[in-house]
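Novice: sequence? don't have it. structure:
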Ligand SMILES: Nc1ncnc2c1ncn2[C@@H]1O[C@H](COP(=O)(O)OP(=O)(O)OP(=O)(O)O)[C@@H](O)[C@H]1O
Ligand SMILES: Nc1ncnc2c1ncn2[C@@H]1O[C@H](COP(=O)(O)OP(=O)(O)OP(=O)(O)O)[C@@H](O)[C@H]1O
Ligand SMILES: [Mg+2]
Ligand SMILES: [Mg+2]
């Protein structure tokens, strides 16, 4: 039978201010430095604000994360959960269950739900602090166009965008946004059918093939990990890079001029912000339900170049 | 019944010892259940949330998808083939289901998804049996094709039922009989039907015979190819149902659904005690395997142990369960 | 083809027909090479970049990691076991290698990683042979343990060689003999050594015997357990070398390295024509399989096709290759 | 012979016992075998012969008892240990590695090598010597799984000779050899024994055992009931000891075929591979024997009749129904049944139960809707099991736990359950004990008397001649003659060899 949907979303009763709250962080994977940066932010904020936090490791597995959240609702262990979804659509249901059980849910970095162009809540009652993939794609394209100019190829500029995972909806949305914006921004040719992945090795192979097929490419955009593998292959060539992900290595490449720029999300700050918003809501305060990370937490819209990264340090390393 | 007609043996020692051996013979087959019981008891004692109605409902709900795939995998493995298309078939048939929902209604869409699963299973079966290629690599290649088709159909995006039908589309998450979710009910019904099919029908007998010795089966007048195709069709239907459950939960479908889960399903079948060599095994074993794998994750979550040790302990627990199963069988030889 | 055992027949018709049949026997075994050649020719004709020295160097470099794992997988499969720990062993031994580099130097670290791979392979082998559990599920569980240990050792972070050694640590990416990368050289040398070991030595024959009929091997006095353990050790060494190549390219190691690649390696072995039932196959087949899989990806990039069609075509090409192999073998029966 | 007894026995087993799931299959067996002795081991199917041999060969471990070699007690837990003590076992199930060549199988784990590198040429020479010694002719490079079953048996024999063992333990080595090869092997056994090798020979061919053995042991229900010199024993006595009572082991005479009996099976111009044009006709109630040497195409002819292999040319007619390029399924629908020669590869599903195997070919006949009629099945299997005397502790036990002969009986039972019009049997009594063999012979003649047409292939020429109304002789896949009942074995063998090249096989 159809459940009574009005019962769901019944507002949780606010916790007293002096009660120690517990946060569950459902991150991508413990063995992922990006998630570790989020975690560092969460932990710091929690420790300073009468709360304790736990990292639940789903090891990049969508179904595992779904079960973990369901079980967390059962065990009533957490007052606040922060979700960094491996599979945004699969997490919709357990997030609804958590909300129904009166748990405060913060959606961090990737959306829960299937829309990739907005930071608005896709599950009612959630707090969202995310970097919408299309915004990310647009930002990468903007850096790419600037890179073309810096390379002196403002016209006739050939840009390669290395996809993350081939044909993953989230990657597809980002790739499409980036490719469209690159064309709109005046790139002469956009190559987007190479898969760079998220490791140096896959990036290296993609770059080898790219150089084979398009030796005259001017700018290469891709995940920072992939570009780390790709960069050595371009030594001696007039190619510059734009990375996605503000790791220590990426900062290094930007600072020494090898890369033009990097799309850098302040992930530790974002984690801290997620914890802050979650705890505040659990303690009965009202908080904004949607926050775009880059515009809110950085002064340069996450568009890191040698100039804008001056004095900044990376949150994590690859 | 004894077929022994030797008067001496029958008169002297047979009756008593035969009964004992009959019992040992039966018990040794259930080692995996014993291992399962040990883990359940350990969890019941060490947490107060495990043995709650809510958690058991969750556990079954969480097992439904893997359990359905494990049933399909078991049927295939028993008949001597692997179906590595399972998760791709899951995704593609769920996508087809949503596409149909978009132009008709939820019920037609669900039925269409199941039909699509059966059709994909049929195609897989034909590809494998006609090409004569080993099923492992044949289904691996076919699964790439299915995933690729899923990408092409969806344009690598997420697809949704129309807004007006979205709520009904989620019906498999609704609570149903005895407070179980509808997904669980689907799962239980399918398991029961396929369990009976495999254990009690002439089709089931053929399945085992083909998996145990395809040549002997062929010479006994069994159409080995058809049996294999049927196994793939059953697996396709199980995949489609699992896909519907996932899509219903997510409220959408996409080409990357359940990636890699075909291997977890095979693992579940094998952990339950089905031999990958074919000709042996049972549907219930696939279920026990799927429950065991889900249980271990669930238990960890409830115990709240640091997830850094989780994988190591999961690995050890699986080893414990299958080794216990193995040793119980061997000891009573 | 007839293979007469009667002396009379042998006297009459054997010499001529035996030679013909011997040739057919040889040719039919190389169907996969024919399929490979077809794809290579198609790519050479349709792009002007495929058949360049640079691309071929790249292709080998890209194949090295998968190729090493495929060699390990082949050795295991030939002997009748699966090694699903391969990628976990890869990660853990690369991590151990980096840890050793941190306290000594690059050479000791590399040697240490290889030793760690061998040791992990040994442990896997002991777990599988001692527990008596089927290798599929035994190594699956063990791989969880290894991945978990990798997480624990690294504290779930990325680990690096000390800054001063970072450049030397990348030595496997350096160009070497004939313009090939050092990684390619490592790959080629290992393939040659293991290829000879498997095809020409008594150990190799034992491997085939154990995989083909373990009971017959045992009755002939072969220590089946030791052979299996050796196969796992070889696979462990291959994994460690693959891990070093990956780590050397990345300049670091982490616990998630190469996740899932053990299955691609098994796929490569099987695509090449090694039977998953054991007792048949060859190291060169694993290499051809790995090259074929790499080639298909490489070709797509050079042709510049949209990734949306890639999977479908990849699946079709693999099916084409293995079916062609199969039919050539069957026709000459 | 007296000198042998004075030395320490080559093998001495004391108090050997073995049980499976609490059911004893060997009880307190004591046995001494002198060096250079040929020791015959006989008994009914399931008596424990193979089990005893496997214990001596280290393939399985005894529950109780000790084993000594040359007076020295040894611990044998693994085949390795037995091999180290010079024991070589040919097991009844066969132990070949399918994908390896004949050469590799013969020298399995004993390959010639230098620094671990295999020296194939040295092995080839060794094999040539062995082939000369035995008169066996096998292609060293063929994969063994492509060989007919008789040749596979030859490979096993060559292997155990290649080890130069001091003790040869052979479990029914002659079951699938032709008359001529049997003679060769028995001669070889005599020569080896004269040179000091100890041989234990298990066989259901009592005359063969009596001819070659120095002493014979009889096992019954796992217990040793008699050991004594062969010279003082008659086949009748042996049988009496084996089954515990006197029984008649004479071949039954087939009833004459009525003159008006219609032709039920007719084949015209069957051709494929080695089979180069076979025509045959069998009338209702008639038993047609097919004789020939190993590899003469007998098995292949039966397979073509049944559609197990697809004929390149030729048609088969059953009761007026014409079959062309047919499948086994169509052959069965037309009323044919084939008892194949290899129970392990083609006959039985080893991991399934006795009952499932026996019921497999007649599944559609006992069903309720889609379901198996289990009580019906139990009754049918029970009935047929009694009539062919399958001795299994439990019809639900896996068929691989049955003794070789009982497996063969189950295979036979499986096809009888269908009550076919045409019964094709290939080596129907392979590995079956004397009493059960007689039972099967009665069954075959009885079925023929009831109007079934039977085609029988058997390497046991006596059996073939005694059972058949007519014998068709094949040579190189072609019929070379047809002989009426009453023809002597010599005539048939001569025809099988061809007059031109008799004895060319050495
Ligand atoms: N693995 C096993 N499990 C259970 N029972 C077994 C097993 N192996 C053999 N047996 C039983 O042991 C008994 C003796 O078997 P064995 O093979 O020694 O007989 P045999 O004398 O060689 O008979 P045959 O002439 O038919 O080959 C049989 O009843 C058989 O069913
Ligand atoms: N798979 C195969 N490949 C090649 N040749 C084969 C194959 N099977 C059988 N043969 C050949 O066909 C011939 C006929 O074999 P078949 O088994 O019919 O002979 P047979 O007279 O029944 O002998 P046996 O008693 O050994 O079974 C043999 O000479 C054999 O070498
Ligand atoms: Mg026996
Ligand atoms: Mg034959």
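Specialist: Yep, that arrived. Remember, predicted model here, so these are calculated numbers, not experimental data. Numbers count the residues shown, from 1 in each chain, chains lettered A, B, ... in the order given. Ligands and ions are numbered 1, 2, ... in the order given.

Novice: would you check that residue D:448 makes contact with residue D:255?
Specialist: Yes: Residue D:448 lies in contact with residue D:255 (Cβ atoms under 8 Å); the separation is 7.1 Å. Yep, even glycine has a C-beta here, placed from its N, CA and C like the rest.

Novice: any idea which element residue D:42 lies in?
Specialist: Taking DSSP states H and E as the criterion, residue D:42 maps to strand D:38-43.

Novice: is that strand anywhere near ligand 3?
Specialist: No: using Cβ under 5 Å from the ion, strand D:38-43 never reaches ligand 3; the gap is at least 9.0 Å.

Novice: list the contacts of whatever helix or strand comes next after that strand.
Specialist: Next along the chain after strand D:38-43, taking DSSP H and E as the criterion, comes helix D:49-56. Residues outside helix D:49-56 that contact it (Cβ atoms under 8 Å, 6 or more residues apart in numbering or on different chains) are D:11, D:13, D:16, D:18, D:25-26, D:29, D:31, D:41-43, D:60-62, D:67, D:76, D:82, D:87, D:89, D:91-92, D:167, D:169, D:171, D:200, D:202, D:219, D:222, D:403-404.

Novice: the strand holding residue D:42 pairs with which strands, and in what direction?
Specialist: Using DSSP bridges, strand D:38-43 pairs in its sheet with strand D:198-202 (parallel), strand D:215-220 (parallel).

Novice: export those strands to CSV and tack on mean neighbour count and mean pLDDT?
Specialist: Output for those, formatted as CSV (neighbours: other Cβ atoms under 10 Å in any protein chain shown; pLDDT from 0 to 100):
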stretch, mean neighbour count, mean pLDDT
strand D:198-202, 26, 95
strand D:215-220, 23, 95
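
Novice: so which of these comes closest to residue B:232?
Specialist: strand D:198-202 (45.3 Å; Cβ to Cβ).

Novice: of the strands paired with strand D:38-43, which is nearest residue C:67?
Specialist: Once the strands paired with strand D:38-43 are compared by Cβ to Cβ, strand D:198-202 is nearest, at 50.3 Å.

Novice: report whether that closest one contacts ligand 1.
Specialist: No: contact of strand D:198-202 with ligand 1 (Cβ under 6 Å from any ligand atom) is absent, the minimum separation being 6.8 Å.

Novice: thinking again about what came up before, which ones among the contacts of helix D:49-56 lie within helices?
Specialist: D:82, D:404 (DSSP state H).

Novice: what subset of the contacts of helix D:49-56 is buried?
Specialist: Buried subset of the contacts of helix D:49-56 (neighbour count, 16 or more other Cβ atoms under 10 Å in any protein chain shown): D:11, D:13, D:16, D:18, D:25-26, D:29, D:31, D:41-43, D:60, D:62, D:67, D:76, D:82, D:87, D:89, D:91-92, D:167, D:169, D:171, D:200, D:202, D:219, D:222, D:403-404.

Novice: on the three-state scheme, residue D:136 is what?
Specialist: coil (DSSP: H, G, I helix; E, B strand; the rest coil).

Novice: ok, it - contacts?
Specialist: Applying Cβ under 8 Å, 6+ apart, the residues near residue D:136 are D:130, D:154, D:157, D:158, D:181, D:184.

Novice: neighbour-wise, which one of those leads?
Specialist: Most neighbours among the contacts of residue D:136, by other Cβ atoms under 10 Å in any protein chain shown: residue D:154, with 28 neighbours.

Novice: ok, residue D:210 touching residue D:230?
Specialist: Yes: assessed by Cβ under 8 Å, residue D:210 is found in contact with residue D:230 at 5.5 Å.

Novice: next, show the common contact partners of the two.
Specialist: Counting by Cβ under 8 Å, 6+ apart, the common neighbours of residue D:210 and residue D:230 are D:40, D:216.

Novice: neighbours of residue D:194, how many?
Specialist: 10.

Novice: per-residue confidence for residue A:318?
Specialist: Per-residue confidence at residue A:318 stands at 75 (pLDDT).

Novice: burial count for it?
Specialist: Neighbour count for residue A:318, taken as other Cβ under 10 Å: 25.

Novice: now do residue D:320
Specialist: By the criterion of other Cβ under 10 Å, residue D:320 has 10 neighbours.

Novice: can you give me the pLDDT of it?
Specialist: On the pLDDT scale, residue D:320 is placed at 88.

Novice: need the contact list for the residue in the stretch 101-250 of chain B positioned nearest to ligand 1.
Specialist: Nearest residue of the stretch 101-250 of chain B to ligand 1, counting by Cβ to the nearest ligand atom: residue B:212, 16.7 Å away. Residue B:212 makes contact with B:80, B:278, B:279, B:280, D:349, D:350, D:351, D:352, according to Cβ under 8 Å, 6+ apart.

Novice: return the subset of these lying in strands.
Specialist: Among the contacts of residue B:212, no residue falls in strands (DSSP state E).

Novice: and which of those residues is nearest residue B:108?
Specialist: When these are compared against residue B:108 (criterion: Cβ to Cβ), the nearest one is residue B:80, at 35.6 Å.

Novice: whichever residue of the stretch 1-150 of chain A sits closest to ligand 3: neighbour count?
Specialist: As assessed by Cβ to the ion, ligand 3 sits closest to residue A:63 within the stretch 1-150 of chain A, at 51.8 Å. For residue A:63, the neighbour count with other Cβ under 10 Å is 23.

Novice: quick check: it touching residue B:258?
Specialist: Yes: using Cβ under 8 Å, residue A:63 is in contact with residue B:258, at 7.3 Å.

Novice: which other residues reach the strand holding residue D:42?
Specialist: D:33, D:49, D:52-53, D:189-190, D:193, D:198-204, D:206, D:209-210, D:212-220, D:230, D:238, D:242, D:433.

Novice: again, only this time at 7 Å
Specialist: The contact list for strand D:38-43 (Cβ atoms under 7 Å, 6 or more residues apart in numbering or on different chains) reads D:33, D:49, D:189, D:193, D:199-202, D:206, D:209, D:212-220, D:230, D:238, D:242.

Novice: now residue A:162: which helix or strand?
Specialist: strand A:158-163.

Novice: what helices or strands is the next helix or strand after that strand leaning on?
Specialist: The helix or strand immediately downstream of strand A:158-163 is helix A:169-184, counting by DSSP H and E. Packing partners of helix A:169-184 (3 or more Cβ pairs under 7 Å, 6 or more residues apart in numbering or on different chains; DSSP states H and E): helix A:133-150, strand A:158-163, strand A:189-195.

Novice: for ligand 1, give me its nearest residue in the stretch 51-200 of chain D.
Specialist: Here the residue of the stretch 51-200 of chain D nearest ligand 1 is residue D:51; by Cβ to the nearest ligand atom that distance is 3.4 Å.
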